[in-house]
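>>> Okay, predicted coordinates and the sequence, questions at the end:
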Amino acid sequence: MNKLLLYFLIGLFAPKLTAQSSSYWQQHVDYKMEVAVDVKNYQYLGKQELVYTNNSADTLRRVFYHLYNNAFQPGSEMDLRLQTIKDPDGRMITKTKVGDKEIKESRISKLQPNEIGYLHVSNFKQDGVTAVAKEVETILEVTLVKPILPGKSTTFTLDFTGQVPVQIRRSGRNNKEGIELSMAQWYPKMAEFDFEGWHADAYIAREFHGVWGNFDVKITIDKDYLLGGSGYLQNGNEIGFNYQDKDVVVKVPKKQKTLTWHFIAPNVHDFTWAADKNYIHDVVPTNFGTTLHFIYKNNPNIIENWKKAEPKTVQLMEYYNKIVGKYPYNQYSVIQGGDGGMEYAMCTLILGEGTFDGLVGVIAHEMGHSWFQHILASNESKHPWMDEGFTSFIEDLGLNELAATKSANPFEGAIKSYINLANSGKEQPLSTHGDRYDENRSYSIASYSKGEVFLTQLQYLIGKENLMKTLRKYFEDFKFKHPTPNDIKRTAERVSGANLDWYLTDWAETLNTIDYGIKNVEGITGTKITLERIGRTPMPIDVLVEYTDGSKESFYIPLRMMSFEKENQTPEISRTILKDWTWGNPNYSFEINKSKDKIKKITIDPSGLMADMKPENNSFEIK
């Protein structure tokens, strides 16, 4: 990419200062890094220049960097968390049987000096003057030589040395599928400073939050390695490996031992790469302007699945573009590497040896993160549900779109999963920091399932058309920013006209649950139906009445605190809008003009989009 085009793209992507507040601001970083990799020892040396722009109203006297690799050492906070949490991540432990007892041991605790990860910084300078930089495990605390005033920029330079750990979680070397280098969280990364202050969270294997910026990265590595990752490769005609222009033949002199890969990634908040000597690289153009790269092992057992997954990935990206908004970068890479799957800027690292359906499923999820984490960059450490849950929502929509047989409710699994957690007594509020959950299971179900149900129920509250308009407007208004829970709520309010503050509060900040029931059905010439609210969380109520003659009639009970009436979601069925229901009254009655013996069945929420804790009391059937 030439420089003029790069500057044009950066200008296009520059955040508009029009969030919920006209005083919205965010910090900015420009990275330049050069790194040399010793593939024999899994070590690397690097230099970093970072121009930091303080767009806040604060005068900054300290800054913080993340040194993620330092987590992969015996005795680290990540190691101790593994040893003390009730249900440690199975990928990060070993299990052995001692008699009848199963012993779980942290894999990190067993790492030898040549297997650990580390990232150390030296020669730290601010505008050429040495500054004091203190390493506190996975955080670097820097006392500035001079304060950074509001609206001013400063330049930090540093040297860093790193060792790639044996693959434990996400990043590392030689994972179980044989990927040699999965280089995630590998460099000194500036921590985020926003309206809440610094987000210098220790790394204990959860999520991330980063500063928007531009990356100019040069990686020098053994010439036999094929790389893929964030950004646009600038020198493909020197590198080859199917990155070169058509009809260009790349010949690297036999005496030359290394190649330097030059990537530029504009307006991202992270940079990740992977490398292996046995990668295949497929390039798939699309009709919507994004070139897809598929990088995977030359393993005969997986090649067919990966080839078949390529057109499915194109379909999924095109669908996400339609329902959320246009993916703004010109490339995206699906890379076999890491463990499970993890999203990064302009790429994902995933495992690649499972079934075809499993491969497409993990691509659907991790690529979906590009919209909700790497374009709509909410703080996934504090609000993981906004990222994982919303991604799971479009994943289920996308996979349902690809399916030969469509499901009427693709969110049913998420709803059941959430209800099981809520009934277990182990649920914690969605406002819990991602690192602070008592159990991994509670974190996962809350973030993925309950977060997904937030949008599912929003569809129930304001209707499908309004929900999809909300998603598109949310994306358009907050891309390349850092939206908060209030931003998705306010967007839905602006689109629909409904009042939704009660919903965000109940769903994200409390453990209140939804439980409605049909309390009584009585009458002779007409029928009086009495409903009851058993749970604390109020909802508007859809009621479907099916009659013995095969006809159907629906009734809609607005919720007073919403000040809103939803459009009829099933226009083929006649609907009556009833008087609104107040939260202060747990009971509600209405009458229909047909006798009880003419009724076959009465159902609360026939759509199944509401996460009612006891669905068994949501229907009344006359045998």
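Received it, and whenever you're ready, just let me know what you need.

>>> need the contact list for residue 581.
With contact taken as Cβ atoms under 8 Å, 6 or more residues apart in numbering, residue 581 is in contact with 533, 538, 540-541, 557-560, 588. Quick note: C-beta positions are derived from backbone N, CA and C, even for glycine.

>>> Tell me which two in those are the farthest apart.
The largest separation in those, counting by Cβ to Cβ, is between 533 and 558 at 14.0 Å.

>>> and the two? which has more neighbours close in?
The neighbour comparison of residue 533 against residue 558 (other Cβ atoms under 10 Å) goes to residue 533, with 21 against 18.

>>> isn't that one right up against residue 519?
No: if you go by Cβ atoms under 8 Å, residue 533 and residue 519 don't touch, sitting 9.9 Å apart.

>>> where do the contact lists of these two overlap?
residue 587.

>>> Convert stretch 528-541 to CSV, retaining C-alpha atoms only.
These are the backbone C-alpha positions of stretch 528-541, laid out as CSV (Å, rounded to 0.1, in the frame of the first residue of the first chain):
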residue,chain,number,x,y,z
LYS,A,528,-61.2,-14.1,32.0
ILE,A,529,-57.5,-14.8,31.8
THR,A,530,-55.4,-13.9,34.8
LEU,A,531,-51.6,-13.7,34.5
GLU,A,532,-49.0,-13.2,37.3
ARG,A,533,-45.5,-11.7,37.4
ILE,A,534,-43.5,-14.0,39.7
GLY,A,535,-40.0,-12.8,38.9
ARG,A,536,-38.6,-9.3,39.6
THR,A,537,-37.9,-8.3,36.0
PRO,A,538,-40.9,-6.9,34.2
MET,A,539,-41.6,-7.4,30.5
PRO,A,540,-44.4,-6.6,28.1
ILE,A,541,-46.3,-9.7,27.4
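
>>> now, which of the contacts of residue 581 sits nearest residue 252?
Of all the contacts of residue 581, residue 252 sits closest to residue 540, with 65.9 Å by Cβ to Cβ.

>>> what's the distance between the residue nearest to residue 617 when sequence neighbours are not counted and residue 530?
The shortest distance from residue 617 to any non-neighbouring residue, by Cβ to Cβ, 6 or more residues apart in numbering, is to residue 517 (3.6 Å). Residue 517 is 10 Å from residue 530, where distance means Cβ to Cβ, to the nearest Å.

>>> and what of residue 153?
Look at residue 153 and residue 530: by Cβ to Cβ, they are 66 Å apart.

>>> Helices of the stretch 51-200 of the chain, residue ranges please.
77-84 (DSSP state H, counting those that start in this stretch).

>>> ok, which stretches of it are strands?
Under the criterion DSSP state E, counting those that start in this stretch, the stretch 51-200 of the chain carries strands at the ranges 60-66, 93-98, 101-106, 118-126, 129-130, 132-136, 139-148, 153-163, 172-173, 181-183, 189-190, 192-194, 197-199.

>>> related to what we said a few turns ago, looking at the contacts of residue 581, spot the one nearest residue 334.
Checking these against residue 334 by Cβ to Cβ gives residue 540 as the nearest, at 41.1 Å.

>>> Spatially central residue in the chain, please.
By Cα atoms, centre = their mean, the chain has its centre lying nearest to residue 387, at 3.5 Å.

>>> So that residue lies in a helix, does it not?
Yes: per DSSP: H, G, I helix; E, B strand; the rest coil, residue 387 lies within a helix segment.

>>> still on that earlier bit, what about residue 517 and residue 530, which has more around it?
Taking neighbours as other Cβ under 10 Å, residue 517 and residue 530 compare with residue 517 leading, 20 against 14.

>>> For whichever strand or helix holds the more buried one, name the packing helices and strands.
Assigned by DSSP states H and E, residue 517 belongs to strand 516-522. Judged by 3 or more Cβ pairs under 8 Å, 6 or more residues apart in numbering; DSSP states H and E, strand 516-522 is in contact with strand 527-533, strand 599-604, strand 619-621.

>>> switch to 6 Å and redo it
Strand 516-522 sits against strand 527-533, with contacts defined as 3 or more Cβ pairs under 6 Å, 6 or more residues apart in numbering; DSSP states H and E.
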